[in-house]
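**Student:** 3D, please:
(2 chains)
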Amino acid sequence: MIITFITSGIRTTTQDKGRRGYTHLGIPVSGAIDIPAMRYANHLVGNAIDTPVLEITLSGPQLRCEQAGSIAVTGADFGVLINGQPKSHNERIVVQAGDIISLTKPQKGCRGYLAIEGDWQVQRWLGSASALRVGSHELLPTAVWKAGDSLVTRQPRVHPWPAAVLEPNPFSNHISAHKGPEFHWLTDEAKGNLLTQPITVCEPSNRVGLRTDTTLKLKDKYRSREMLSSGVMPGTVQVTTSGEAILLLADGQTIGGYPRVLQCSQSSLRSLGQLRAGDTFELQLVKQHASHGASISK
Amino acid sequence: MTEMISTGASVDRRIQSYGETGLLVQFDEGDVVSASESVFALNQRLRDMKLRGIQSTTPSYVSLLIIFDPSVLAPNHLASTLTTLLECSQAALASDTPITNSNAWCLPTLFVGEEDEDAVALRDELGLSWSEVVERFCTVSYRVNALGFLPGFTYLGGLPEALHCRRLTTPRARIPASSVAIAGQQAGIYPMDSPGGWRILGRLPFSIFDQSCSSPTLFSPNDRITFQPTSEPHFSELARAADNGELALDRFKQ
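**Tutor:** Residues are numbered from 1 along each chain as shown, chains lettered A, B, ... in the order given. Presented below is the predicted three-dimensional model:
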């Protein structure tokens, strides 16, 4: 298929499962924030599940189909219109040459995924087609779509339709997390606040991470302690010097110097990435695995 | 270059889980130099094993974060592998066995003039003349302790105590790519233009991060770096050659 961007939306990027294995160089994994939604969209159009997709943030692009084919929209509940006619979210949509695809704003969530059938003819960097913005730098500029751009996919190789992909569960405002290495740096009161109170997402939040309205205290003996930077990953909850909990997402940095109080569970990451500024969520502890949670000291 | 590690001291360490997909090995930070040697030795041995299910490893000053796929590699198995590797590294450390591979670099650096804002501030804070600051900075060899903050941002350990300094209270909006800077006990090199609160000592005539390259960072964790002052004409000549793609950076390896 060939699809032309009439408008781009706020930020529409190419994402796949990301580039793994480069954190030692300071390069984050990136990739779709809602991986199950990305995979389900690919499944719906018959692509290999880790084929790139468009990740659409808050407001959708308008697209013109230059060739017939099929698409699917998953993730946040963007309304899908083909030539103005409403179509279903989470379903395969057949389109014809000349059709105009529009997306209307989602009621819930902030990131939608648009799969397009075929092999994506897009640039890759370190094995991934995912866009990555660091500060003001785009590290893979062609993965950020602008009005006038054309996206080309070739006929997919013949392969069995991937059968085992299920529709993802709705995302949730209950985020489960494990204790992080510096959880014990928090005062008991702060632990209570972090794990029982609703937390509000603040601006600026983006693919790097979520800012929050929290003010958490560290125990006296840790308050003035300068931490040596150490590894972090998507889902890590750090507490800044001002007491704000920040939650890292897929484009977050690879090492950090703030105490890591929690690590969100893998299944919660997609829900985190669907929160927008003003949304509230609650963190709750999952049981640590006693089998490997015990420290091995010498 | 193969580096010989000569310390035989045993280092306290701890392996702990980090979510479902991470294990964190933390060494005692009382002795950062020997802890970081242990981090790199462990990282090297683990990477050499090419264990299935390991997605990435993130070495930093006194810790190594290992990110893995628990459906391929059981956390228990990984933890016991790490314990075994740690025992072996300890033995290797004690017997002077070369265990890590790293490069040593000598980098031509154009230092700022003594009237520069940071030069004046450092002179006042450290009580050293600018030429003493440059001289002290250039007499020691630094270790790449970690890459991070920005892709390719190079954290260097080994800054002489006489040069330990405060960071700016208000970060600057733009520090140019390839700037060499110091803050606290650390030195660092900026891979790209970025806001930053470190004191700028000078800059390199070439880029240390190339996103078109399959190995985009010039340096790797555990590399050794020394800086050599260079004149403005020489710097310009090197910078021009680098811009034209005619500067082989391997010539700065020792």
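**Student:** point out where the chain drops to low pLDDT.
**Tutor:** This is for chain A. Along chain A, the model assigns pLDDT under 70 to residues A:156-163, A:288-298.
**Student:** ah, no, chain B please
**Tutor:** In chain B, residues with pLDDT under 70: B:1-11, B:89-100.
**Student:** for chain A, what's the nearest residue on it?
**Tutor:** Taking CB to the nearest CB, chain A has its nearest neighbour within chain B at B:Leu65, 2.7 Å off. All C-beta atoms are positioned from the backbone trio N, CA, C, and that covers glycine.
**Student:** what helix or strand is that residue on?
**Tutor:** strand B:63-68 (DSSP states H and E).
**Student:** repeat for B:Arg240
**Tutor:** Taking DSSP H and E as the criterion, B:Arg240 maps to helix B:232-243.
**Student:** which secondary structure elements does that helix sit against?
**Tutor:** For helix B:232-243, the elements it packs on are strand B:104-111, judged by 3 or more CB pairs under 8 Å, 6 or more residues apart in numbering or on different chains; DSSP states H and E.
**Student:** do the strand it packs on and chain A meet at all?
**Tutor:** No - between strand B:104-111 and chain A, judged by CB under 8 Å from any CB of the partner chain, nothing touches; the nearest distance is 15.9 Å.
**Student:** next, the buried residues of the helix or strand that comes right after that strand.
**Tutor:** Counting by DSSP H and E, the element after strand B:104-111 in chain order, helix or strand, is helix B:117-126. For helix B:117-126, the neighbour count (16 or more other CB atoms under 10 Å in any protein chain shown) marks B:118-119, B:122, B:126 as buried.
**Student:** quick check: A:Arg11 vs A:Lys221, distance?
**Tutor:** Distance, A:Arg11 to A:Lys221, using CB to CB, to the nearest Å: 43 Å.
**Student:** swap in A:Ile116?
**Tutor:** 55 Å.
**Student:** could you report the neighbour count for the nearest residue to A:Lys219 once chain neighbours are set aside?
**Tutor:** Once flanking residues are discounted, A:Lys219 sits nearest to A:Thr187: 5.5 Å by CB to CB, 6 or more residues apart in numbering or on different chains. A:Thr187 has 15 neighbours, counted by other CB atoms under 10 Å in any protein chain shown.
**Student:** quick one, phi psi at A:Thr187?
**Tutor:** Backbone torsions for A:Thr187, taken as degrees, to the nearest 10, come to phi -70, psi 160.
**Student:** of A:Ile116 and A:Lys221, which one has the most company?
**Tutor:** Per other CB under 10 Å, whichever of A:Ile116 and A:Lys221 has more neighbours is A:Ile116, with 27 against 8.
**Student:** how far away from the center of its chain is stretch B:63-71?
**Tutor:** 21 Å (CA atoms, centre = their mean, to the nearest Å).
**Student:** buried sites along it?
**Tutor:** B:63-68, B:70.
**Student:** what residues does that stretch touch?
**Tutor:** The contact list for stretch B:63-71 (CB atoms under 8 Å, 6 or more residues apart in numbering or on different chains) reads A:20, A:23, A:228, A:230-233, B:18, B:20-27, B:39, B:42-43, B:46, B:53-58, B:75, B:78, B:82.
**Student:** how about the residues of the stretch 101-250 of chain B that lie near chain A?
**Tutor:** B:146-153, B:155, B:184, B:191-195, B:211, B:214, B:216-217, B:220-221.
**Student:** try 6 Å this time
**Tutor:** Proximity of the stretch 101-250 of chain B to chain A (CB under 6 Å from any CB of the partner chain) is limited to residues B:146-153, B:192, B:194, B:211, B:217, B:221.
**Student:** mind checking which of these are in strands?
**Tutor:** Counted as lying in strands by DSSP state E, out of those, are B:146-147, B:194.
**Student:** helices along the stretch 51-200 of chain B, start to end?
**Tutor:** B:75-94, B:117-126, B:130-139 (DSSP state H, counting those that start in this stretch).
**Student:** actually the stretch 151-298 of chain A, not the one I typed
**Tutor:** Here the stretch 151-298 of chain A has its helices, by DSSP H, counting those that start in this stretch, at A:188-196, A:220-223, A:269-273, A:290-293.
**Student:** any chance of the ones you listed in a markdown table, with distance to chain B too?
**Tutor:** Formatted as a markdown table, those follow (distance: least, CB to the nearest CB, whole Å):
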| stretch | distance to chain B |
| --- | --- |
| helix A:188-196 | 16 |
| helix A:220-223 | 13 |
| helix A:269-273 | 10 |
| helix A:290-293 | 4 |
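**Student:** give me whichever of these is most buried.
**Tutor:** helix A:269-273 (a mean of 24; mean count of other CB atoms under 10 Å in any protein chain shown).
**Student:** pop the domain breakdown of the chain in here.
**Tutor:** All of this refers to chain A. A:2-154, A:174-293 (automatic domain parsing).
**Student:** that was the other one, I meant chain B.
**Tutor:** Using automatic domain parsing, chain B is parsed into the domains B:2-100, B:104-252.
**Student:** how about those domains in CSV, adding distance to A:Thr4?
**Tutor:** Listed next are the domains of chain B as CSV, based on distance: least, CB to CB, whole Å:
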stretch, distance to A:Thr4
domain B:2-100, 36
domain B:104-252, 27
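**Student:** buried sites along stretch A:238-249?
**Tutor:** Those buried within stretch A:238-249 under the rule 16+ other CB under 10 Å are A:238-239, A:244-249.
**Student:** same question for stretch B:101-119: list its buried residues.
**Tutor:** B:102-103, B:105-112, B:118-119.
**Student:** out of the residues you listed, which comes closest to B:Ala239?
**Tutor:** B:Leu110 (8.8 Å; CB to CB).
**Student:** nearest spatial neighbour of the closest one, skipping sequence neighbours?
**Tutor:** Nearest residue to B:Leu110 in three dimensions, chain neighbours excluded: B:Phe235, at 4.1 Å (CB to CB, 6+ apart).
**Student:** make sure A:Leu44 is indeed in a strand.
**Tutor:** No - under DSSP: H, G, I helix; E, B strand; the rest coil, A:Leu44 sits outside any strand and is assigned helix.
**Student:** number of residues surrounding residue 228?
**Tutor:** Picking chain A for this. A:Leu228: 21 neighbours (other CB under 10 Å).
**Student:** wait, chain B was what I had in mind.
**Tutor:** The burial count for B:Gln228: 10, using other CB under 10 Å.
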